[in-house]
Each structure stands twice: as C-alpha cells, then as structure tokens.
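Q: show me how the following folds:
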Amino acid sequence: MSSIEKISFDQTELLRFITAGSVDDGKSTLIGRLLHDSKSIFEDQLSSITNTTRKRGMDGVDLSLLTDGLQAEREQGITIDVAYRYFATPKRKFIIADTPGHEQYTRNMVTGASTANLAIILIDARKGVLTQSRRHAYLASLVGIPHLVVAINKMDLVDYSHAVFEKICQDFSAFAEKLNLRNIVYIPISALNGDMVVERGDHLDWYQGSTLMDLLENVSIEDDINREDFRFPVQWVCRPKTKELHDFRGYMGRIESGSIRVGDSITLLPSGLASHIKEIIKYEGSINEAFAPQSVTLTIEDHLDISRGDVLVKTDELPRVTKAFDAMLCWLSEQPLNPDRKYLIKHTTRVVKAVIGRIDYRVDVNSMNHETVSVLKMNDIAHVELKVQQPLVCDDYVRNRATGCFIIIEESSNNTVAAGMISP
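A: Numbering: from 1, shown residues only. Here you go, the predicted model:
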C-alpha cells in the first residue's frame, strides 16, 4: 500500500511546484524518482511501468513513464503537455507539474507555473547552462515563482565532479542577476541513480546542502501569499429563501490576500462605498478573524448594492481601480491576436469586455531582446496596454499574484487565448 493513503491531507501543507528544463534533461525521470523513493507509487502503477520498460528491451524501471502519460510523448520520448502528479509525505502534500522543454510549448509552461510556489530547473551536467535553461528561468521570473531550485542532473555522467557543478552554478548565477529571482538553491543530483533526490546516495559527499526532498518538505511558503493587503472578490451573494434567514445577506468568496476581523472598516470597489464587517462565517460557524486563502462568508453592517465581481478591501489598503493598464501577456491560442477584436477579460471573479490598446514589444524568450511587432502568435510573450469596458480592481502582479493576473477569452468560442500579469 502506498504511504499516501496513510496521511491525513487536512493536516499537511500543500506545495505546488513545477519541473522545467531542456529536452532530455531528465524532468520526467526526476519526478518518477521522487514518487518511487518516497514510496508514493501504487503497486499496480509500478507493475505497469515495469512491464512497459521490459517491452522496450530495457533493464530496470523507466521512471519517466510515471509522468509521460500521453501516447505521443511516449512515442517521441519527450514531454509535450503539462503532466500533473499528486503525492504526500508525513510533512507536506505536493502537486507537481512536469512542464515541456521545447520552445513551442512555452504556453504549457506558463500554465503550469502560474500557481507554483517553487520551480525546479534541470540542467544536464554535461551540457551546462543552455538557451532553454535561461528561457525557463526568465519564465519563472515572469510569473513570479517565489522559490527556484537549479538541479544539476546527470552528475553520474561527469563522475560527480565538484568543479563541473561549481562552473554551472557560476554561469547560471551570472544570468539570474538580470532577473527578479529572490531565492535560488543549487543542488547536484542524479535522477537516474537517485543521488541527492530523496536519499543522499554515496557519490556526493562534497555537497553539504540538503537533498531535493528535504528542501521540498521544509522550504517556507508562508510568505508566498500577500499577508498585508486584504482582497476579497465576491463570488456569490447568499440570500437564503427560508423563514429563519429571510433577511440574511452574505457575501461568499475566498480571501485572496491579507486578513479581516469583525468590526474592520471595509470599502466596496469599484463603487467606493464603505461599511464595517459584521460577521465572518465558515462552515463550522462564526469566527472573529479570517486569513488568506480561506473561503468564508462575510456580512456587513450596511445594506449596499454588492454583486459578483465586486471586491471588498480594507479602507486603508486601497488597490488600483482602472479601465486601462499595462501587462505582460502570454498568447496561448493558435489563432493570432486580432487587434481590432473585442475580447473578454476574466480578472478574479469579474468578466469584462476589453481591447488591446497597443503592443509595446515582444520578448524573445531566448535572448531576452525586445522586438517590435504588430500581432501576437501562439507562445509569444509581449508587453501590452489593455483597455476594459468596466473598471477592474487590481494590484501589480509583483505585489499580489491573485489580483494581478487575468486571462483573456475569445467571446464567440469561449476559449482562453491569453494569460496576463499586470505591470506597475
């Protein structure tokens, strides 16, 4: 029986992380090693991949098969979509996103990275820092991932050389200085043999840091959520049709950042009307204080016109309320951006019509150079201005990921065509 069944998921903290790197750097094998060595694989899964490995004429177990679930991936031996896996240890539960290495799948990596607390960028010890390594570091910086692990893999193929490890660390650090990356940790590993993944192994005695699993279990993510600015986008207005609760009016949603107490002065945006918190309700009953990311129902002292998409904030912590803003935009659709078309923007719980006012530049994700363009195609990342029909209540993405991000929807098909991060 897998150890995952023995753990109470209500008592453990959740860490979302992604793996990224160049093709054949060993991302899928690393995830397979994490799952295998932490005993988070069911027996039927292990038996299945063992049989598949034998059919291919290989010895042992090809752990990469645990994540490369698409048939096209298995045929090509690469990862072309985001594969999600879930496992847990006694200290923490995890959601892993194994993201693609090819440049043409940039959109997949941005999707997988958008909610991650941590990114693992794999580098082949034989090849060193490549263009794709820099690209993935830039994307991790772009989406504001708080913690970055540079896992220098395949150390077994360079005789576990300390000098090779140090050289790659220096090269990556020189590039990372240009990016907004706050916390970088370097770890030498061999995903194939398991050195420094879950167990320390016998070949890297010169490395005194923690194993990858130790880091994943213990990295602090308490500060990854903005604890200062109270933001409560209203998802639903609760009006029970019962005799006992005939006059009840509650505002349901998730606290995206900050905290709130009974009696606090709040402002309703975008209207600007003010009131005070009367009651905070969770499933088990009323509480005096609530924090992000709790889902709660709030009641207020005054009868105000509040609907889905409105945002409650503390009166002394006001965000921007605007109908035009700049953003970094990743175009996800196979259909190019049409500058003359109106799109829908979904920001928190509000959906409004919008147009792209201008395209300032596109970023070459390999060289970081800015290029002048008039249209955006799939996987393009660009700095743009957006104009919306109704005001949005927003923060800069670097300050608050929850209220600083949005998606763009093509109205006729209801397809998501872009994801964006609001700029200062």
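Q: may I have the phi/psi pair for the residue lying closest to R239 once chain neighbours are set aside?
A: Closest residue in space to R239, ignoring its immediate chain neighbours: R249 at 5.9 Å, by CB to CB, 6 or more residues apart in numbering. For glycine as for every other residue, the C-beta is placed from the backbone atoms N, C-alpha and C. When read as degrees, to the nearest 10, the backbone of R249 gives phi -140, psi 110.
Q: now swap in the one 5 residues further on and tell me
A: The main-chain torsion angles of R254 are listed as degrees, to the nearest 10 and equal phi -110, psi 140.
Q: I'd say it and T297 touch.
A: No. Using CB atoms under 8 Å, R254 is not in contact with T297; the gap is 11.0 Å.
Q: strand partners of the host helix or strand of M328, parallel vs antiparallel please.
A: In this assignment (DSSP states H and E), M328 forms part of strand 320-331. Sheet pairing for strand 320-331, assigned by DSSP bridges, gives strand 381-394 (antiparallel), strand 415-422 (antiparallel).
Q: which one, of the ones you listed, ends up nearest to W206?
A: Nearest to W206 among the strands paired with strand 320-331 is strand 381-394 (38.7 Å), distances taken as CB to CB.
Q: how about stretch 180-189: buried residues?
A: For stretch 180-189, burial by neighbour count (16 or more other CB atoms under 10 Å) applies to L181, I184, V185, Y186, I187, P188, I189.
Q: who's in contact with the third one?
A: Counting by CB atoms under 8 Å, 6 or more residues apart in numbering, V185 makes contact with H147, L148, V149, V150, G209, L215.
Q: can you tell me which of the residues you listed end up in strands?
A: Using DSSP state E to define strands, the subset of the contacts of V185 located there is H147, L148, V149, V150.
Q: got the residues you listed as JSON lines, with distance to A418 columns?
A: JSON lines is the format used below for the ones in strands among the contacts of V185 (distance: CB to CB, whole Å):
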{"residue": "H147", "distance to A418": "26"}
{"residue": "L148", "distance to A418": "25"}
{"residue": "V149", "distance to A418": "28"}
{"residue": "V150", "distance to A418": "29"}
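Q: where in the stretch 251-400 of the chain is pLDDT low?
A: Filtered on pLDDT under 70, the stretch 251-400 of the chain yields no residues whatsoever.
Q: still on that earlier bit, spit out the contact partners of the residue nearest to R239.
A: R249 touches V237, C238, R239, T299, H303, counting by CB under 8 Å, 6+ apart.
Q: picking that back up, closest to L273 among the contacts of V185?
A: H147 (39.3 Å).
Q: what number of residues lie near Q170?
A: Q170 sits with 11 neighbouring residues when counted by other CB atoms under 10 Å.
Q: which element is it on?
A: According to DSSP H and E, Q170 maps onto helix 162-176.
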